[in-house]
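**Q** need a structure here:
(chains A and B)
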Amino acid sequence: MDKYILLFESTSAVLHAEKILKQNHVTIQLVPIPRHLSSDCGTGIVFESESLPCVRSIQTEAHLEGKIIKLSPSEEF
Amino acid sequence: MIYLDHAATSFPKHPEVTQAIATFMNVAANPGRSGHPLSLEAARIIYSTRDRLADFFQSDPMRVIFTRNATESINIVLQGLLNPGDTVLVSDMEHNAVMRPLHAIASRGIHIRKVSHSQILDALNPQIALLICSHGNNVDGNVYPIDTYLQKAKACGVKTLIDAAQTAGLFQISTPPEYLAITGHKALGGPPGIGALILSETAPIPRPLIYGGTGSKSDKEIQPDFLPDHFESGTLNGIGIAGFGAALERLTQTTYEERHAHKQRLIQYLIEGLSTLPGLHIYAAPPEHNSGIVSVATETWRVDQLAHQLATRYEIYTRPGLHCAPAAHHVLGTYPTGTLRLSIGATNTSQEIEQTIRAFQELIHG
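**A** Model (predicted):
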């Protein structure tokens, strides 16, 4: 299954998103961000493609400003 | 021992606060610097306190900035928001946490207009850039009608900075100021060395006081402009934040009304008991709008002597002097000798107040 990573500017924003996604029962994993993807804070939120619509919807409702990027197989953890 | 110096810092701290500090030391590393479990755990503990503060003060967690104390929070706004030519309106009862940074920025072309509390509403006008005043005074405990000031300031388009060092956790503010400065170690029950600046949704973002590494935008040598990283350079006070979070969790087990009622009852008892003593001057706001402070002075004892006698003969711990608030003592007529300040906290009891009154009776009557 394809995987996606949600990137934020700060660790505080990552943890804010983690709280909201967990409250909505989305299965996520916090991982170090591959450096070529972003120079922002060191942690991103990885989730599987089946959660993508749900994550997008939560992002809109909760005003989460993060950026979603599809991970290539070589970028997966 | 009877501890009556809660306006300086609350004591004792609850065991859960101490435990949270110890736990952080054992399970957490540097937050926001890596994705390993110890770094993440630190970040989660810190976010949890940020989130609790946002709940407690009806704010957004991203607009809760950790600082060392209310003084640093005040400095961020005064030094980072104002520009030459701006006018600041300030009350004549302020602590040096406000007055010293104001004097510092006055030399940079910022105008300071100092008025009494009764003049604040009339003095507010659209030409004022910022109103700064404390919510509660640290010498006589007076809690000011801050919502009235804030509503008028909003109507005039004046930004507001409220120093809530003495009132956070005791008295709520219904109209959020642009900037709220709090400290963790007083009525909120946290450890020393941790405070916060809470920005409203509409507050302009001041320049930071310090610049440096934040764990974000690491490829840039320019300070991030997003919150909270804009203000939080360097490693945060993780143990302080962990203890602060535990204190807030503890505090939510009681209501504002319960906490205030406890203090109001003890303040009333203390004022009534001390009022019967000849020659003892009392400086205290009425119990219904008092944050828990009674100041006294007498011609028969210097205030430092009185504090020493109370401490050594009765193990009653108070604070004599000017309480870092010479402006307030000028207004109260107690400058330069100052007062002896007795400040009540959540852990004090009626029996302790009774023993304190008895000690004063013995000292005054000889």
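
**Q** Wasn't residue B:89 part of a helix?
**A** No. Residue B:89: not assigned to a helix; according to DSSP: H, G, I helix; E, B strand; the rest coil it is strand.

**Q** Next up, the contacts around it.
**A** B:113, B:115, B:120, B:123, B:124, B:128, B:130, B:131, B:132, B:158 (Cβ atoms under 8 Å, 6 or more residues apart in numbering or on different chains). All C-beta spots, glycine's among them, are computed from the backbone N, C-alpha and C.

**Q** That one pairs with what?
**A** Per DSSP bridges, the residues bridged to residue B:89 are residue B:113, residue B:131.

**Q** hang on, the earlier thing: got JSON lines for the contacts of residue B:89, with neighbour count too?
**A** Shown next, in JSON lines, are these (neighbours: other Cβ atoms under 10 Å in any protein chain shown):
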{"residue": "B:113", "neighbour count": "13"}
{"residue": "B:115", "neighbour count": "16"}
{"residue": "B:120", "neighbour count": "22"}
{"residue": "B:123", "neighbour count": "17"}
{"residue": "B:124", "neighbour count": "21"}
{"residue": "B:128", "neighbour count": "20"}
{"residue": "B:130", "neighbour count": "21"}
{"residue": "B:131", "neighbour count": "25"}
{"residue": "B:132", "neighbour count": "25"}
{"residue": "B:158", "neighbour count": "23"}
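
**Q** can you list these in JSON lines and add distance to residue B:344 and pLDDT?
**A** Compiled in JSON lines, those are given as follows (distance: Cβ to Cβ, whole Å; pLDDT from 0 to 100):
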{"residue": "B:113", "distance to residue B:344": "34", "pLDDT": "98"}
{"residue": "B:115", "distance to residue B:344": "30", "pLDDT": "98"}
{"residue": "B:120", "distance to residue B:344": "27", "pLDDT": "98"}
{"residue": "B:123", "distance to residue B:344": "33", "pLDDT": "98"}
{"residue": "B:124", "distance to residue B:344": "33", "pLDDT": "98"}
{"residue": "B:128", "distance to residue B:344": "35", "pLDDT": "98"}
{"residue": "B:130", "distance to residue B:344": "32", "pLDDT": "98"}
{"residue": "B:131", "distance to residue B:344": "29", "pLDDT": "98"}
{"residue": "B:132", "distance to residue B:344": "27", "pLDDT": "98"}
{"residue": "B:158", "distance to residue B:344": "34", "pLDDT": "98"}
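
**Q** hey, where'd the helices end up in the stretch 101-250 of chain B?
**A** Using DSSP state H, counting those that start in this stretch, the helices of the stretch 101-250 of chain B run over B:120-123, B:146-156, B:238-251.

**Q** measure stretch B:183-197 end to end?
**A** 9 Å (Cα to Cα, to the nearest Å).

**Q** Now name the helix or strand holding the closest residue to residue B:363 other than its chain neighbours.
**A** For residue B:363, ignoring the flanking residues on the chain, the nearest one in space by Cβ to Cβ, 6 or more residues apart in numbering or on different chains is residue B:309 at 5.8 Å. Assignment of secondary structure by DSSP states H and E places residue B:309 within helix B:303-314.

**Q** strands paired with whatever helix or strand comes next after that helix, and their directions?
**A** Scanning forward in sequence from helix B:303-314 by DSSP H and E, the next helix or strand is strand B:316-317. Here strand B:316-317 is paired, per DSSP bridges, with strand B:2-3 (parallel).

**Q** Show residues contacting the strand it pairs with.
**A** Contacts of strand B:2-3 (Cβ under 8 Å, 6+ apart): B:11, B:12, B:314, B:315, B:316, B:317, B:345, B:347, B:348, B:352, B:355, B:356.

**Q** Mind putting those residues into TSV with neighbour count, distance to residue B:43 and pLDDT?
**A** Output for these, formatted as TSV (neighbours: other Cβ atoms under 10 Å in any protein chain shown; distance: Cβ to Cβ, whole Å; pLDDT from 0 to 100):
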residue	neighbour count	distance to residue B:43	pLDDT
B:11	15	30	97
B:12	11	29	97
B:314	17	47	98
B:315	12	43	98
B:316	21	43	98
B:317	16	38	98
B:345	22	32	97
B:347	15	32	96
B:348	21	37	98
B:352	18	41	98
B:355	15	46	98
B:356	25	45	98
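
**Q** for those residues, which one is nearest residue B:102?
**A** Distance ranking of these against residue B:102, using Cβ to Cβ, places residue B:345 first at 29.3 Å.

**Q** For the closest one, which non-adjacent residue is spatially closest?
**A** According to Cβ to Cβ, 6+ apart, the nearest residue to residue B:345 is residue B:6 (3.2 Å).

**Q** Pretty sure that neighbour sits against residue B:344.
**A** Yes. Contact criterion Cβ atoms under 8 Å: residue B:6 and residue B:344 qualify, at 6.1 Å.

**Q** quick one: which of the two has more around it?
**A** Higher neighbour count among residue B:6 and residue B:344: residue B:344, with 29 against 24, using other Cβ atoms under 10 Å in any protein chain shown.
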